[in-house]
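[1] Need the 3D shape of this:
(one chain, ligands or ions: 2)
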Amino acid sequence: MMTALISICIVIFFISRISDLTSVVSQVNPPKNGLDPTIIASLPLFLYKRNDHDNDIIECSICLSIIEDGELVRVLPNCKHNFHVECIDKWFNYHSTCPVCRTEAESRLLPEPREGVVNHTPP
Ligand SMILES: [Zn+2]
Ligand SMILES: [Zn+2]
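    Ligands and ions are numbered 1, 2, ... in the order given. Presented below is the predicted three-dimensional model:
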């Protein structure tokens, strides 16, 4: 009788320990590491026109097909790589970097230093 009570106590103790552990693990490792949908939506996009690009052929590295005239294209602000909007948006559900060069896709809030250097005037 006493041993049964003790074993029940032990089981309850272990169950509570396990649930503590799993809650800690889920806090440390969030299940998704994609980009926030608001960040995805804020990335620049444009309507691809072959004429504007001097007949340059741009390939979407996600679906490996050529971007056609009149398709919506997202350009990553940090590395200038181009992808179909629907391809890159799906990618960013699970990743936060460019699929080609692994640059962070979220635009960095840094001032552009090049312009300041070009217009440099001595005091
Ligand atoms: Zn694509
Ligand atoms: Zn890139």
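[2] Enumerate the residues of the chain near ligand 2.
    Contact residues of the chain with respect to ligand 2, defined by CB under 5 Å from the ion, are listed as 79, 81, 98, 100-101, 103. Where you see a C-beta, it was placed from the backbone N, CA and C, and this is true even at glycine.
[3] okay, those residues in CSV with pLDDT, neighbour count and secondary structure next?
    Rendered in CSV, the data for the residues of the chain next to ligand 2 read as follows (pLDDT from 0 to 100; neighbours: other CB atoms under 10 Å; DSSP: H, G, I helix; E, B strand; the rest coil):
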residue, pLDDT, neighbour count, secondary structure
Cys79, 95, 14, coil
His81, 96, 18, coil
Cys98, 97, 20, coil
Val100, 97, 13, coil
Cys101, 97, 12, coil
Thr103, 95, 15, coil
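[4] show me where pLDDT drops low in this structure?
    Scanning the chain for pLDDT under 70 picks out the ranges 1-2, 6, 8-12, 14-15, 18-32, 52-55, 109-123.
[5] Spit out the contact partners of Glu59.
    Each residue near Glu59 by CB atoms under 8 Å, 6 or more residues apart in numbering is listed here: 65-67.
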